[in-house]
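Asks: let's see this in three dimensions:
(chains A, B, C and D)
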Protein chains: 2
Amino acid sequence: MSKKQTSPTDLDFAILGLLHQQAETGYGIRKIFETTALGNYSSSPGSIYPALKRLQKLNLVVQENQLTESGANKSRFLPTPIGTKMLIEWMSQPIVPEDISKSIEQLFLRFAFMDNHLSRAQKLDFLLSFNEQVKTYLTELEAYYQQEADNLPLHGRLAFEHGIATYRTHLKWGKKALVTLQQTKDK
Amino acid sequence: MSKKQTSPTDLDFAILGLLHQQAETGYGIRKIFETTALGNYSSSPGSIYPALKRLQKLNLVVQENQLTESGANKSRFLPTPIGTKMLIEWMSQPIVPEDISKSIEQLFLRFAFMDNHLSRAQKLDFLLSFNEQVKTYLTELEAYYQQEADNLPLHGRLAFEHGIATYRTHLKWGKKALVTLQQTKDK
DNA sequence: GTTGCCATGTAAACTGTTACATGATTTC
DNA sequence: GAAATCATGTAACAGTTTACATGGCAAC
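Replies: Have a look, this model is predicted:
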């Protein structure tokens, strides 16, 4: 009855999401994180293999056993129904203000995996909430800037301006993505 | 003769940089990381206090002893000459491609602290190199996008577009910052 | 006089990094 | 047949998170 496991990490969800698009070996996952920009996530064996073990222990993925005649290793990982449920739950979480200020990258990761697993309405809701909350945060940032810009040293001010520009880009992207989804035929 | 310490972490440098602008208590540093956007860095006591201990052990900061009559605690941390030298070294490192793709936030942190510690030429060099390398990386991203966009699911494609938009913003900022610095009178 | 914030720390658990290690398969 | 790459893992270590713990001071 001991419930010991903490909830999966971002890396775990990144792997789980990838496996929903395409079954992969551990090595295959490593290569994806190494080569594609998608994710500042680590591709080292010391992070990937332990992550896969965690996912297996939680019954979120299984290893297909496809033994090559000569010895060895080619077995890929597949999501389980529980894994799919978990991924959907993770993507469906409401966006909270701290997501915007502290872990916005996670939101893009969640968005990237939504394709086949959430309804059109859920996807639109996600973007609506995203845009609203980015706008709120941006307004705060800009107000703070107006107040403090004169007191900041030049480089501090420029770095701050970069932060503002980045959030403006997030919002601009969110609006464009929303329009794109709205124009997409339902189903 | 045992040389055991690894080099300071990003958090260590963030703290060291802050202390060059203003002496602070541990608590003060925590509040800065909590409240200001500057940094996705952790503000938990379990990260800040050990970081300050590391910095002290390396002789990069010292604690002023300013005892309040009644008991206790108000002592702030100050950078040492060695700390200043270390900060300057860290800011002066050449930018490598992996900085752009994997840890670009660190570059903005380095930039934010340059004000009083690097020469005008060094600052300009930093931005020139930044812009050049962001441009190179952006070109790669765009080429990859052209090739792969049609194969990507809609959400994956939109997420990718976000990545490209973000790097375009980095470059635009870099160009503007360069112009700003160039227009600034040299001392 | 009690609530809340200032202020500092520690301990356990967990993640990730770095480096090492092994062997199979493919390519030249 | 040698070199590169596929493929999987482990061990030591360092850093962060979360939770706990303590006490002073300020405000109401």
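
Asks: and A:Leu109, what element?
Replies: Per DSSP states H and E: A:Leu109 is located in helix A:104-112.

Asks: which SSE is immediately downstream of that helix?
Replies: helix A:120-148.

Asks: and the helix holding A:Leu109 with helix A:120-148, angle?
Replies: Interaxial angle of helix A:104-112 relative to helix A:120-148 (axes from the mean of the first three to the mean of the last three Cα atoms, to 10 degrees): 160 degrees.

Asks: near chain B, which residues of chain A?
Replies: A:21, A:37-38, A:40, A:101-103, A:108-109, A:111-116, A:123, A:141, A:144, A:153-156, A:158-163, A:165-166, A:168-170, A:172-173, A:176-177, A:180-181, A:184 (Cβ under 8 Å from any Cβ of the partner chain). All C-beta spots, glycine's among them, are computed from the backbone N, C-alpha and C.

Asks: for chain A, which residues score under the pLDDT cut-off?
Replies: Scanning chain A with the threshold set as pLDDT under 70 gives A:1-5, A:66-73, A:186-187.

Asks: swap the cut-off to 90 and go again
Replies: Applying pLDDT under 90 to chain A flags the ranges A:1-7, A:35-40, A:42, A:64-75, A:148, A:184-187.

Asks: can you give me the domain assignment for it?
Replies: What automatic domain parsing lists as the domains of chain A is A:1-92, A:94-187.

Asks: next up, the contacts around the residue most central in space within chain A.
Replies: Central residue of chain A (Cα atoms, centre = their mean): A:Leu109, 2.0 Å from the mean position. If you count contacts by Cβ atoms under 8 Å, 6 or more residues apart in numbering or on different chains, A:Leu109 has them with A:Asp10, A:Phe13, A:Ala14, A:Gly17, A:Gly39, B:Ala159.

Asks: where's it relative to A:Ile15, distance?
Replies: 11 Å (Cβ to Cβ, to the nearest Å).

Asks: does stretch A:80-88 reach DNA strand C?
Replies: No: using Cβ under 7 Å from any atom of the strand, we find that stretch A:80-88 stays clear of DNA strand C, coming within 14.0 Å at best.

Asks: got the buried residues for that stretch?
Replies: A:Thr80, A:Gly83, A:Thr84, A:Met86, A:Leu87 (16 or more other Cβ atoms under 10 Å in any protein chain shown).

Asks: can you give me phi and psi for the third one?
Replies: Okay, so that is A:Thr84. Backbone torsions of A:Thr84, given as degrees, to the nearest 10, read phi -60, psi -40.

Asks: what's it in contact with, if anything?
Replies: Here A:Thr84 is in contact with A:His20, A:His117 (criterion: Cβ under 8 Å, 6+ apart).

Asks: show me where chain A has strands.
Replies: Ranges of strands within chain A are A:61-63, A:77-79, based on DSSP state E.

Asks: residues near A:Phe111, how many?
Replies: Residues lying near A:Phe111 (other Cβ atoms under 10 Å in any protein chain shown) number 22.

Asks: interface residues of chain A facing DNA strand D?
Replies: A:25-28, A:30-31, A:45-46, A:49-50, A:52, A:73-75.

Asks: which residues in chain A form helices?
Replies: Secondary structure of chain A (DSSP state H): helices located at A:10-21, A:26-35, A:45-57, A:81-92, A:97-102, A:104-112, A:120-148, A:154-183.

Asks: what residues sit buried inside the longest one?
Replies: Right, helix A:154-183. A:155-164, A:166-171, A:173-174, A:177-178, A:181.

Asks: that's all I had, so thanks and see you.
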